[in-house]
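Engineer: Generate a structure from the sequence data that follows.
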Amino acid sequence: MSRKPFIEGPNHVRAALRQRTKGLLDSLATPLARAGVSPNLLTLCGLLAMLGVAYVLALGHQRVAGLLLIPVALFDALDGALARLTGKATSFGAFFDSTLDRFAEIALYLGLLYLHRGLTLESVLVYLAITGSLMVSYTRARAEGLGVQCKVGLFTRMERLAVLVVGLLLEQTLLALIILAIFSNLTVLQRVWHVRRATSQEPTRDQ
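Structural biologist: Numbers count the residues shown, from 1 in each chain. Just a heads-up that it's a prediction; the model follows:
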């Protein structure tokens, strides 16, 4: 028995939803395009809005957070519509959008972690260190998927492991976590800046 209809079902639903929301997104993005708003600025605002939802969630207001997620998720999709309408779709824009989307998801789960378990300094540092470690790998993979070599940065896997080894041997895990949390995420920023510079001269493209 073929599983193709079962697999394609969700894809058809997803495609239909995207088609229906495209007109709404375009109508919302049109005044922003006229005002000269940058798609990348909208991407950054979307992350800030999601951080706000994560904060509301961490305070324990689950229903309010759920309601806020609806317009925030819609707002998060506006940058793509704006880029398409203004002809400003670029490789860096796609990279920037997907990178900040990952950070937005991370923020939401951090809010859930606080809601259900509470947070200590150590747990936050572990969470941030994991975030930085995964995002360093993600930004390289995403950049290279767009044709940009991205091996730059202070804390690649080798440096992260070296810090962890030294921290464990000296029984200074808190200090090691602080270093990992800070410098692994700084490496993500380095890679974002690297991709920005590498794609700054490319022409815009259709999205």
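
Engineer: now D79: how far from V64?
Structural biologist: The gap separating D79 from V64 is 25 Å, by Cβ to Cβ, to the nearest Å. All C-beta atoms are positioned from the backbone trio N, CA, C, and that covers glycine.

Engineer: burial of Q172, as a residue count?
Structural biologist: 13 (other Cβ atoms under 10 Å).

Engineer: those strands in this structure, which residues are they?
Structural biologist: Ranges of strands in the chain, per DSSP state E: none exist.

Engineer: all helices for it, in order.
Structural biologist: 4-34, 39-58, 62-76, 78-86, 91-117, 121-145, 157-169, 173-198 (DSSP state H).

Engineer: With respect to K151, which of those lies nearest?
Structural biologist: Of all the helices of the chain, the one in closest proximity to K151, counting by Cβ to Cβ, is helix 121-145 (6.8 Å).

Engineer: got a pLDDT number for Y114?
Structural biologist: Model confidence at Y114, given as pLDDT, is 81.

Engineer: no wait, A58
Structural biologist: According to the prediction, A58 has pLDDT 85.

Engineer: Could you shift the numbering so residue one becomes 24, and keep it that way?
Structural biologist: Sure, I'll start counting at 24 from here, so that last one is A81.

Engineer: who's in contact with it?
Structural biologist: Applying Cβ atoms under 8 Å, 6 or more residues apart in numbering, one finds that A81 lies in contact with L133, G134, Y137, L138.

Engineer: farthest-separated two in those residues?
Structural biologist: Farthest-apart pair in the contacts of A81 is L133 and L138; separation 9.7 Å (Cβ to Cβ).
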